[in-house]
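Engineer: only geometry, no sequence info:
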């Protein structure tokens, strides 16, 4: 094996998420995005700095009638691939999720609790930031790691991404906005590898996140190592919700088998279908923003409904 690869693996696996660093305070001015088509208010923070990962853009969406002095506070939903959520001209394929419309409608109809959406833009290191790091380090052979490095362009750096999210971005959002910072009001959601990192995040930080929405999740290769990781690290169902779905137009039969394997682990962990976990199959749906836009309301209702 190439000596540089060996060194990269060693560095990666010596810096997996163990212990909490000191929170980094981010101080930035904001300005609302001017877009007549947007519902609610969208704040854009360009190149948000981090001590853990490269700077990236972050969008924060506030629902209509957002009240900074609301004593009840707001849920917060952290979403991956943030440039695809609100504005089609910034989206990867020119189609956005329409999150402002969907969220505003669900809030107005009182199907979910009032919620702030934080869209974390991806970067050229997306694959490495979204690929779960602990399974790579603790459950894979050297040969398997070499294949992963070749496929994803380097060793995983997802633990650094999650440190940014937990110790920099979340404190920044909680300080600047009227949030309810506790676990039961803090959620994650994403699609494809964005779904994968959302599931990984709730496993690594079960005391921080109360739910994860994973749409058309990209299950990694080799999958067995991730399965062993989930059996060891999936949090208890009390205080947690997990949503999974998939469309089958662009995915192989092997993809479906992996999804069913994850569902089996969730059931074994004691989750009750329909109560604290849910899985849906969308026959014929493509692996694209168009499909996720059309069904985003389903995981949002499940994760964000008022259970009080």
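Structural biologist: Perfect, thanks for sending it. What you see is a predicted model, and the numbers here were worked out from it, not measured in a lab.
Engineer: Residue 198 and residue 190 touch, don't they?
Structural biologist: Yes. Residue 198 lies in contact with residue 190 (Cβ atoms under 8 Å); the separation is 4.6 Å. To be clear about C-beta, it is placed using only N, CA and C from the backbone, and glycine gets the same treatment.
Engineer: Would you enumerate the residues in contact with the most centrally placed residue in the chain?
Structural biologist: For the chain, the residue whose C-alpha lies nearest the mean C-alpha position (Cα atoms, centre = their mean) is residue 198; its distance is 3.3 Å. By Cβ atoms under 8 Å, 6 or more residues apart in numbering, residue 198 lies in contact with 80, 188, 189, 190, 212, 213, 214.
Engineer: Show me the common contact partners of residue 198 and residue 190, please.
Structural biologist: With Cβ under 8 Å, 6+ apart as the test, residue 198 and residue 190 both reach 80, 213, 214.
Engineer: Cross these against helices and list the overlap.
Structural biologist: Counting by DSSP state H, no part of the shared contacts of residue 198 and residue 190 is found in helices.
Engineer: how far away is residue 227 from residue 268?
Structural biologist: For residue 227, the distance to residue 268 equals 11 Å [Cβ to Cβ, to the nearest Å].
Engineer: okay, the two: which has more neighbours?
Structural biologist: Shown here are residue 227 and residue 268; by other Cβ atoms under 10 Å, residue 227 has more neighbours (18 against 11).
Engineer: I'd say residue 83 and residue 91 touch.
Structural biologist: Yes. Contact criterion Cβ under 8 Å: residue 83 and residue 91 qualify, at 6.3 Å.
Engineer: mind listing what the closest residue to residue 123 other than its chain neighbours touches?
Structural biologist: In space, and not counting its chain neighbours, residue 123 is closest to residue 56: 5.3 Å by Cβ to Cβ, 6 or more residues apart in numbering. By Cβ under 8 Å, 6+ apart, the contact set of residue 56 is 47, 48, 50, 120, 121, 122, 123.
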